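Trainee: Got a sequence here, can you model it:
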Amino acid sequence: MGAIFEAIQTKLTAAFSPSRLEIQDDSSRHAGHSGAREGGESHFNIVIEAEAFQGAAKVARQRMVYKALAEELAGPVHALSVKALAPGEA
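Mentor: All right, here's what the predicted structure looks like:
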């Protein structure tokens, strides 16, 4: 787990107090592709479950996550896959 992973984890935890948070660095699958960085931490998959997403549409939930991670998305993170769930959703 690198610095960007830690920043994502810290920011999402602070913003949403998730009951579930899974972060996967998927950068190795994108080596040699556009946006891939030496050392990884450029492509991430996130599953987050939090009360904050209750009643919000899928796109609104993703925007909430993107807003919390605006700094990372403006710099080192090239791609982010987000699955944002309310408690009890699959």
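Trainee: who's in contact with the closest residue to Glu51 other than its chain neighbours?
Mentor: Here the nearest residue to Glu51 in space, its sequence neighbours aside, is Pro87; by Cβ to Cβ, 6 or more residues apart in numbering that works out to 6.2 Å. C-beta coordinates here come from the backbone N, C-alpha and C atoms, glycine included. For Pro87, the contact set (Cβ atoms under 8 Å, 6 or more residues apart in numbering) comprises 19, 49-51, 54.
Trainee: Isn't Ala50 up against Ala86?
Mentor: Yes - contact between Ala50 and Ala86 holds when scored by Cβ atoms under 8 Å: they sit 7.5 Å apart.
Trainee: Leu69 contacts Val77, correct?
Mentor: Yes - the pair Leu69 / Val77 is scored as a contact, 7.1 Å apart, by Cβ under 8 Å.
Trainee: which residues are common contacts for those two?
Mentor: With contacts defined as Cβ under 8 Å, 6+ apart, the residues adjacent to both Leu69 and Val77 are Ile8.
Trainee: Mind checking which of the contacts of Pro87 land in strands?
Mentor: Using DSSP state E, the members of those that fall within strands are Glu49.
Trainee: Weed out the non-buried ones from the contacts of Pro87.
Mentor: When neighbours are counted using 16 or more other Cβ atoms under 10 Å, the contacts of Pro87 contain these buried positions: 49-50.
Trainee: Just flag the most distant two among the contacts of Pro87.
Mentor: By the measure Cβ to Cβ, Ser19 and Gln54 form the most distant pair in those, at 11.5 Å.
Trainee: So Val82 belongs to a strand, correct?
Mentor: Yes - if the criterion is DSSP: H, G, I helix; E, B strand; the rest coil, then Val82 is within a strand.
Trainee: Check whether it really touches Arg63, as I assumed.
Mentor: No - the criterion here is Cβ under 8 Å, and Val82 misses it with Arg63 at 9.6 Å.
Trainee: neighbour count winner among the two?
Mentor: Neighbours around Val82 and Arg63, counted as other Cβ atoms under 10 Å, are more numerous at Val82. The numbers are 18 against 14.
Trainee: In terms of helices and strands, where is Thr10?
Mentor: Under the criterion of DSSP states H and E, Thr10 resides in helix 3-16.
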